[in-house]
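Chemist: whatever this is, show me its structure:
(one chain, ligands or ions: 1)
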Amino acid sequence: MDQNLAMGGESQSSKAPSPMEVVDLPPLPPRQGKNTPHIYRSDIETYLHPLISHRWTIGHVHKGQGIREILSLNKHFEFSSFAAAMEFVNGVAAISESERHHARTLIEYKTVVTFLHTHSAHIDFGIPGGKPNLRKVPGLTRRDIRLAIKIEQLHDEFMADGRAAPYAFRALGVLQKWACQLLKRRYGSDGFGGAAGSQPPFQKMIERMKARGEWNPLFSSQPVHPTIDPGENDPGAKPVR
Ligand SMILES: C[C@H](O)[C@H](O)[C@H]1CNC2=NC(N)=NC(=O)C2=N1
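Modeler: Reported below is the predicted structural model:
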């Protein structure tokens, strides 16, 4: 077997073409305040694609539909020794403390894997212009993007002084494609993205009801079940002829 492949690297003959040619990392997004909103649709292109081009991938904290699908931003790192791996983990811990945002970190001999997501992310289910109705929904936020960029900068130092080993594996191209598809499905539509960037789908139902003069402001004080949009499947809705 190709020595390089045996080391978990890429075999020269079958270099999987990466769908994301490596681009420069973007500047840090602004630090998020309390009740951090989920990422905005535009963050996928601005921040996540560059991170994916640096071999970050997208995984699941929890698989589910809509807001029950909790994604995480992950990366696998290889080091020259267990001691170097531990120094990196301690570096990630220091960054987590300074960001007040903590990575889930797995270490196994010379391998370290970081998993980032925001436990206390929030989605505003309130009506635009009305009273905010913030609900805690774990997911991806700009806190995770900031943490990933800072971890990347730390890793660059370890690469520069030889404590880190370049790590790529043949499945990376597939993982990068899958990462982009997951992000697009969860945050790329008018779904539950960041507060300003997009509205929950049932928002459209509310606007339709207002247009039909059927909206009663009292409705908004009721807990709206976020994953059901009666406007779409409302038995009373008149089929469009
Ligand atoms: C009060 C403290 O800042 C919060 O509990 C922080 C701590 N670290 C955190 N880390 C992560 N990953 N998600 C969070 O929501 C989070 N919240």
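
Chemist: please make it C-alpha for all contacts and neighbour counts, starting now.
Modeler: OK.

Chemist: ok, which stretches of this structure are helices?
Modeler: 3-6, 41-43, 49-53, 82-99, 142-160, 172-187, 202-211, 230-233 (DSSP state H).

Chemist: state the mean pLDDT of the first one.
Modeler: Confidence over helix 3-6 (mean pLDDT, whole number) is 41.

Chemist: ok so, going back, ranking the helices of the chain by burial, who's on top?
Modeler: Of all the helices of the chain, helix 49-53 has the most neighbours on average by mean count of other CA atoms under 10 Å, namely a mean of 23.

Chemist: the lengthiest strand in the chain pairs with which strands?
Modeler: Counting by DSSP state E, the longest strand found in the chain is strand 70-79. Partners of strand 70-79 in the sheet, by DSSP bridges, are strand 57-62 (antiparallel), strand 111-116 (antiparallel), strand 164-165 (antiparallel).

Chemist: figure out which of the ones you listed is closest to A171.
Modeler: Among those, the nearest to A171 by CA to CA is strand 57-62 (11.3 Å).

Chemist: what about that closest one and the ligand, touching?
Modeler: No: using CA under 6 Å from any ligand atom, we find that strand 57-62 stays clear of the ligand, coming within 11.5 Å at best.

Chemist: begin at 23 from now on, thanks
Modeler: Sure, I'll start counting at 23 from here, so that last one is strand 79-84.

Chemist: how far off helix 194-209 does that strand point, in degrees?
Modeler: Between strand 79-84 and helix 194-209, the angle comes out at 50 degrees (axes from the mean of the first three to the mean of the last three CA atoms, to 10 degrees).

Chemist: re the thing from before, which other residues reach the longest strand of the chain?
Modeler: 77-86, 107, 132-139, 160-162, 166, 170, 185-189 (CA atoms under 8 Å, 6 or more residues apart in numbering).

Chemist: of the residues you listed, select the buried ones using a PyMOL command.
Modeler: The buried residues among those can be selected in PyMOL (16 or more other CA atoms under 10 Å) with this line:
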select buried, resi 77+78+79+80+81+82+83+107+132+133+134+135+136+137+138+139+160+161+162+166+170+185+186+187+189
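
Chemist: just to revisit the earlier point, got the helices of the chain as TSV, with distance to G152 columns?
Modeler: As requested, the helices of the chain are arranged in TSV below (distance: least, CA to CA, whole Å):
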stretch	distance to G152
helix 25-28	57
helix 63-65	23
helix 71-75	34
helix 104-121	32
helix 164-182	25
helix 194-209	23
helix 224-233	12
helix 252-255	20
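
Chemist: CA atoms only: put the longest strand of the chain into PDB for me.
Modeler: Only the C-alpha atoms of strand 92-101 are listed here, as PDB (Å, rounded to 0.1, in the frame of the first residue of the first chain):
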ATOM      1  CA  ILE A  92     -28.400  20.500  15.100                       C
ATOM      2  CA  LEU A  93     -25.200  20.800  13.000                       C
ATOM      3  CA  SER A  94     -21.700  21.100  14.200                       C
ATOM      4  CA  LEU A  95     -18.500  22.400  12.700                       C
ATOM      5  CA  ASN A  96     -15.700  19.800  13.000                       C
ATOM      6  CA  LYS A  97     -12.100  19.300  12.100                       C
ATOM      7  CA  HIS A  98      -9.600  16.500  12.400                       C
ATOM      8  CA  PHE A  99      -6.000  17.400  13.200                       C
ATOM      9  CA  GLU A 100      -2.800  15.200  13.300                       C
ATOM     10  CA  PHE A 101       0.300  16.000  15.300                       C
END
